[in-house]
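Asks: Structure for this input, please:
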Amino acid sequence: MPSSTSSSRGPRPGRVPLLAAVAVTVAAGSLAAVGLNGGPTASAAPTVPASSAPSVTDSSAVSSSASRSGQWQRTPVPVTKGDLTAIAALGDKQAWAVGYRLKSATALEAVALRWDGTSWAQESTLPENSFPQALTVRSADDIWAVGTATEHWDGKTWTTRPLDRDPAGRVVPEAVTTTADGQAWTVGRAMARSIKDSVPAIQTWDGRSWHRQPLPDVGKGELNGVTAVAPDDVWAVGASYAVDEKSPQTALLLHWDGTTWKRVDVDGPAAGHAWLGGITAFAADDIWAVGGRTSGSAERPYTVHWDGAKWSAAETPDVADGRLRAVGRAGGGELWAVGGKGAAPVALRWNRQDKRWDRAAGPGVVVRGFATVPKSAGLWVAGIAEQGDLVPAITRMKG
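Replies: The predicted structure is shown next:
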């Protein structure tokens, strides 16, 4: 789950799940009660010429067209207390979610749930001391979950696959994706002592083991999202930390061309601090990444688009605490972005006719994971309920 930490390097997004944040404490035999982390704060969006980015409306009200597109509905889950952190779907009758069950004041159990088209049921438990926070599903017997460990599901068993060693320190994966040929990519950070000393980290799975990828020197930072157009066209996004109190944190975008990773900048700087937390590719020349911007004490959504030649920032609705965490396109062509801070979920929908973002009805849960459904207008959001004490929740929009 995205969270944030303030330091002399400026705010950073992070993606530590609520319960995974206390993993060390649990392992030591005691569970401390924690609340939702606060987030970075941001200012008004940068002004972008219409020729360089899609235009966006500046409206905080839910649009009537968005409200007519469907309604979010809660679906019961077989976990009464805990946290659901990621979700993915292969179709209307096949979806998976991972997260944690709080078994007692001192014990957590990582679980995988499966949707069969009618209901959610627990399919399996993950190995002990695993805290999954990202998920990718290539098929029912080829699933990766990453967090404090990196694990693969072959349809019967979860197997831990250790990451390659990184000279920068312990690797913490934040996101994972697979390509059509089965190659997997995971991105995150490597840190020797603390988060503020982290550097971006990327590893790839060759069918037998994980291998560390050489990256350009971008300084301290992290990666929070990854998407693959093809085996030789992969994008990773995150943040480069501020080097001092006077310089901003900046959005980080890295591209793999089949040979090397290179940094690619957004056309035009964002005002204040900026970071990216989610990315989805629809084609080699149609990719969206989302995150947040801060300046002073205000936080706003941040979105950028790749047209095959450049990344351009698009203005977003003026939504307080509206940082975005995931983006995706439903089978019907609708482009959605979701996020929010704490118990204030936010959903935006791209208005193709008017070329603008409209605010839509929120999913009704604290957003941890988001998934579109192939060949369907449906959407899934996993997380915890806005009310209650760590009540896992999944909402669905049928479209």
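
Asks: Mind listing what's buried along stretch 123-135?
Replies: Glu123, Leu126, Ser130, Phe131, Pro132, Gln133, Ala134, Leu135 (16 or more other C-beta atoms under 10 Å). Yep, even glycine has a C-beta here, placed from its N, CA and C like the rest.

Asks: likewise stretch 149-157?
Replies: Result for stretch 149-157 [16+ other C-beta under 10 Å]: buried residues Ala149, Thr150, Glu151, His152, Trp153.

Asks: same deal with stretch 374-382?
Replies: For stretch 374-382, a neighbour-count test (16+ other C-beta under 10 Å) marks Ala377, Gly378, Leu379, Trp380, Val381, Ala382 as buried.

Asks: what separates it from the chain centre, distance-wise?
Replies: For stretch 374-382, the gap between its own C-alpha mean and the chain's C-alpha mean amounts to 16 Å (C-alpha atoms, centre = their mean, to the nearest Å).

Asks: Any stretches of the stretch 151-300 of the chain with poor pLDDT?
Replies: Within the stretch 151-300 of the chain, the segments meeting pLDDT under 70 span 269-271, 295-296.

Asks: quick one on the thing from earlier: would you list the buried residues of stretch 123-135 in a markdown table and tack on secondary structure, pLDDT and distance to Asp318?
Replies: Formatted as a markdown table, the entries for those read as follows, by DSSP: H, G, I helix; E, B strand; the rest coil; pLDDT from 0 to 100; distance: C-beta to C-beta, whole Å:
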| residue | secondary structure | pLDDT | distance to Asp318 |
| --- | --- | --- | --- |
| Glu123 | strand | 97 | 42 |
| Leu126 | coil | 97 | 40 |
| Ser130 | coil | 90 | 40 |
| Phe131 | coil | 92 | 35 |
| Pro132 | strand | 96 | 34 |
| Gln133 | strand | 94 | 29 |
| Ala134 | strand | 98 | 30 |
| Leu135 | strand | 97 | 32 |
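
Asks: does Lys375 really touch Gly91, like I thought?
Replies: Yes - the pair formed by Lys375 and Gly91 meets the contact definition of C-beta atoms under 8 Å, at 6.6 Å.

Asks: Name every strand pairing with the helix or strand in which Val111 is found and say which way it goes.
Replies: Taking DSSP states H and E as the criterion, the element that holds Val111 is strand 107-115. In the sheet containing strand 107-115, its partner strands are strand 94-104 (antiparallel), strand 120-125 (antiparallel), by DSSP bridges.
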